[in-house]
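K.L.:
Take a look and give me a structure for this.
(chains A and B)
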Amino acid sequence: MTPKLPEAPDPAVEYWQNLSEGRLTFGRCRQCDHAWLPVSRECPSCLAADWRFEASTGDAVALSWVVYNHAYNDLWADRLPYVVALIELAEGPRLMSNLVGDFDPTQLRIDHPVRLVIESEGDTAVPRFVPIEQVPEDGDTT
Amino acid sequence: MGERIVIAGIGHTAFGSLPGRSTVSMTVEATANALADAGVERDVVDALFVKPPTSFSETLYGAKIAEALGLKGLGISGAWDQGGAANISLVNFASYALAAGQCKVAVIGFADNPKTGSRATYARARNAEDNLFGWYSTMAYFALFARRHMLQHGTTPEQLGHVAVTIRGNGARNPAAQLQRPLTLDDYLDGRMVVDPLRRDDCALISDGGAALVLMTEKTAAEVGVERPVPILGFGQGLTSPSRPDLTRTGLAVAAASAFAMAGLRPSDIDVAQFYDCFTPTVITAIEDCGFTAKGTGGRFVEEGRIALTGDLPVNTSGGLLSETGMPGMQLIVEAVRQLRGTANLQISGARKALVTGQGGAMQTHSAMILGQ
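P.N.:
I've put the predicted structure just below:
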């Protein structure tokens, strides 16, 4: 075990800094190759503190999503209805985010492909996702 | 576990809006009722297990409750933070302490007052960055889970509606329930969509209330003349990881498997179940994860009327969290005890084995318990 500095920087700070520079990053363990979010000091797979930030390609799927018709916080009252989704990046890590752009939520399918867009929320760069239109499968008449 | 442990007494407060009542006061009232029900004096209590309130935070809460109950010289007292799964987990820990001879009469208690107090905990963002995505409320987590179940298994809004209609129907016939208004499937479907795919009537009540249990060994119960002890046959706990491969499977599968193995029983042995129905999708997934039907078929199970009073697995016979009270969750254990004593309001004829489940947070924590004669 290597002793750690008591005041080591919170890895979340670098995560948000990376976003402001246009990169959605996640933790990649140098010991066991596990990829994860949210970033944490130790790899949740092997508990090693030996890891690096890796940038996502931005390809992902929406595992599930909800449509808010009620604002639990005034910050979001004028954005109703809005969509929050559980995203799984192509590299594996999962994160909560929004689905944005011009789309009909009722037409989304299971594991719907989505692509990263980085939007500004005040001074913060926020990772959000745009659903990608799907070509109907063979035999699908919808 | 060695010595068989029994629930010797049950007690609760009124359910609904109880202005001015602290969680401490409600726990004292529920405990006094449970001790009277068991027919034992307060002074024989030598262990206290409590769940801290959900709607506000407390430290050293066990000591606070012990003081209010006038309990002196306790061997064990403390609180267990596991959300709505904790009630059954406290039975778990109390049972082992009793079996080991570490205590003789244990009280388990929980109360909360979000209705007249604060319900902000249910609307909160769990992490600071959630504000950036509008990711608020407990309900939304269950909506996210429900959507995945619908996408993956074809579960329908009507099937969720059947859960609400069944349980609200039971609650309508319970004179002690906070909400005694039955619900039709049309009412359900016409209800306001809050966080799609969940509607108003998918959601548990916001309530003030408390409940308590008195536990002892079967031998002690016989010695002190407890009239209607109900044996604890098995229990278990489980945790759901957010990174699990299949989002529609929960830690209740682990909790229930543990409870069934300890009891030496199978799902088909259960006569009545009290599922933690904080939101309707949890009932469908609990039926699956406890092994009553295959994963993905819980919606059909419900739609076929099998959870009705006349079905093969009647559930939440006093109205559950959807109708009887949103707090404290322990009323599910209380109702299971009433069913096995044969004193329930909507008594299932010949009920001999009951399953109870608990769940905490946004489906992270789970517990299961089997009671039986």
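K.L.:
show me where chain B has helices.
P.N.:
Assigned by DSSP state H, chain B shows helices spanning B:23-38, B:61-68, B:86-99, B:138-153, B:157-172, B:185-190, B:218-224, B:252-263, B:280-289, B:298-303, B:320-323, B:331-341.
K.L.:
my bad, should have said chain A
P.N.:
Under DSSP H, chain A gives helices at A:11-20.
K.L.:
Get me the contact residues on it for chain B.
P.N.:
Proximity of chain A to chain B, by Cβ under 8 Å from any Cβ of the partner chain, involves residues A:36, A:38, A:44, A:63-73, A:75-76, A:79, A:81-82, A:84, A:86, A:94, A:96-98, A:105, A:109-110, A:121, A:124, A:126, A:128. Where C-beta positions appear, they are placed from N, C-alpha and C, glycine not excepted.
K.L.:
could the helices of chain B go into CSV alongside mean pLDDT, distance to chain A and mean neighbour count?
P.N.:
CSV is the format used below for the helices of chain B (pLDDT from 0 to 100; distance: least, Cβ to the nearest Cβ, whole Å; neighbours: other Cβ atoms under 10 Å in any protein chain shown):
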stretch, mean pLDDT, distance to chain A, mean neighbour count
helix B:23-38, 98, 24, 23
helix B:61-68, 96, 27, 19
helix B:86-99, 97, 24, 24
helix B:138-153, 97, 4, 23
helix B:157-172, 98, 13, 23
helix B:185-190, 98, 14, 14
helix B:218-224, 97, 43, 16
helix B:252-263, 98, 19, 22
helix B:280-289, 98, 12, 27
helix B:298-303, 98, 16, 23
helix B:320-323, 97, 19, 30
helix B:331-341, 98, 27, 26
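K.L.:
Filter the residues of chain A next to chain B down to the buried ones and hand me the ChimeraX line.
P.N.:
To isolate the buried subset of the residues of chain A next to chain B in ChimeraX, counting by 16 or more other Cβ atoms under 10 Å in any protein chain shown, use the following:
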select /A:36,38,63,64,65,66,67,68,70,71,72,76,82,84,86,94,96,97,98,105,126,128
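K.L.:
ok, residue A:39 to residue A:54 distance?
P.N.:
The gap separating residue A:39 from residue A:54 is 11 Å, by Cβ to Cβ, to the nearest Å.
K.L.:
okay, those two: which has more neighbours?
P.N.:
residue A:39 (19 against 13; other Cβ atoms under 10 Å in any protein chain shown).
K.L.:
Please name the residues that touch that one.
P.N.:
By Cβ atoms under 8 Å, 6 or more residues apart in numbering or on different chains, the contact set of residue A:39 is A:11-12, A:14-15, A:25-27, A:53.
K.L.:
Could you tell me which of these count as buried?
P.N.:
Buried among the contacts of residue A:39 (16+ other Cβ under 10 Å): A:11, A:15, A:25-27.
K.L.:
List just the nearest of the residues you listed to residue B:92.
P.N.:
Closest approach to residue B:92 among the buried ones among the contacts of residue A:39 (Cβ to Cβ): residue A:27, at 35.0 Å.
K.L.:
Measure how buried the closest residue to residue B:254 other than its chain neighbours is and give me the count.
P.N.:
In space, and not counting its chain neighbours, residue B:254 is closest to residue B:238: 3.5 Å by Cβ to Cβ, 6 or more residues apart in numbering or on different chains. Residue B:238 has 22 neighbouring residues, counting by other Cβ under 10 Å.
K.L.:
Bridge partners for residue B:238, pull those for me.
P.N.:
Beta-bridge pairing for residue B:238 (DSSP bridges): residue B:366.
K.L.:
so it makes contact with residue B:364?
P.N.:
No - in this structure residue B:238 lies outside contact range of residue B:364 using Cβ atoms under 8 Å: 9.6 Å.
K.L.:
any residues in contact with both of these two?
P.N.:
residue B:251.
K.L.:
Make a markdown table from the helices of chain B and add distance to residue B:54 to it.
P.N.:
As requested, the helices of chain B are exported to a markdown table (distance: least, Cβ to Cβ, whole Å):
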| stretch | distance to residue B:54 |
| --- | --- |
| helix B:23-38 | 10 |
| helix B:61-68 | 12 |
| helix B:86-99 | 10 |
| helix B:138-153 | 10 |
| helix B:157-172 | 21 |
| helix B:185-190 | 26 |
| helix B:218-224 | 31 |
| helix B:252-263 | 19 |
| helix B:280-289 | 16 |
| helix B:298-303 | 26 |
| helix B:320-323 | 12 |
| helix B:331-341 | 15 |
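K.L.:
Would you mind listing the residues in contact with the most centrally placed residue in chain A?
P.N.:
Taking Cα atoms, centre = their mean as the criterion, residue A:95 is the residue nearest the geometric centre of chain A, at 3.9 Å. Neighbouring residues of residue A:95 by Cβ under 8 Å, 6+ apart: A:37-38, A:86-87, A:89, A:127.
K.L.:
swap in residue B:95?
P.N.:
So residue B:95 contacts B:1, B:5, B:215, B:232, B:235 (Cβ under 8 Å, 6+ apart).
K.L.:
Out of the residues you listed, give me the one that has the most neighbours.
P.N.:
residue B:215 (29 neighbours).
K.L.:
how about the nearest residue to that one, chain neighbours excluded?
P.N.:
Closest to residue B:215 by Cβ to Cβ, 6+ apart is residue B:106, at 4.5 Å.
K.L.:
Residue B:80 too?
P.N.:
residue B:86 (4.9 Å).
K.L.:
Confirm for me that the one you found is in contact with residue B:358.
P.N.:
Yes - counting by Cβ under 8 Å, residue B:86 touches residue B:358, with 7.0 Å between them.
K.L.:
List the residues that are in contact with both of these two.
P.N.:
B:365, B:367.
K.L.:
contacting residues around the residue nearest to residue B:199 when sequence neighbours are not counted?
P.N.:
Closest residue to residue B:199 apart from its sequence neighbours, by Cβ to Cβ, 6+ apart: residue B:191 at 4.2 Å. The contact partners of residue B:191, taken as Cβ under 8 Å, 6+ apart, are B:199-201.
K.L.:
same question, residue B:256
P.N.:
Counted by Cβ under 8 Å, 6+ apart, residue B:256 has contacts B:236, B:238, B:289-291, B:355, B:357, B:368.
K.L.:
so which of the residues you listed would you say is closest to residue B:349?
P.N.:
Closest to residue B:349 out of the contacts of residue B:256 is residue B:355 (17.5 Å), distances taken as Cβ to Cβ.
K.L.:
wouldn't that closest one be in contact with residue B:265 here?
P.N.:
No - counting by Cβ under 8 Å, residue B:355 stays clear of residue B:265, with 9.0 Å between them.
K.L.:
where are the low-confidence patches of chain A?
P.N.:
Scanning chain A for pLDDT under 70 picks out the ranges A:1-8, A:135-142.
K.L.:
residues shared between the contacts of residue B:355 and residue B:265?
P.N.:
residue B:370.
K.L.:
Of these two, give the one with the bigger neighbour count.
P.N.:
The residue with more neighbours, out of residue B:355 and residue B:265, is residue B:355; 31 against 17, by other Cβ under 10 Å.
K.L.:
which residues touch the more buried one?
P.N.:
The contact partners of residue B:355, by Cβ under 8 Å, 6+ apart, come to B:256, B:259, B:270, B:272-274, B:290, B:336, B:368-370.
K.L.:
what about 6 Å?
P.N.:
B:270, B:273, B:370 (Cβ atoms under 6 Å, 6 or more residues apart in numbering or on different chains).
K.L.:
what's the spacing between the residue nearest the centre of chain B and residue B:54?
P.N.:
What sits nearest the mean C-alpha location of chain B, by Cα atoms, centre = their mean, is residue B:329, with 3.8 Å. Distance of residue B:329 to residue B:54, computed by Cβ to Cβ: 9 Å.
K.L.:
for stretch A:21-36, which positions count as buried?
P.N.:
Quick answer for stretch A:21-36 (16+ other Cβ under 10 Å): A:23-29, A:34-36.
K.L.:
wait, doesn't the residue nearest to residue B:254 sit right on residue B:366?
P.N.:
Yes - at 4.2 Å, residue B:238 counts as touching residue B:366 under the criterion of Cβ atoms under 6 Å.
K.L.:
Okay then, goodbye and thanks.
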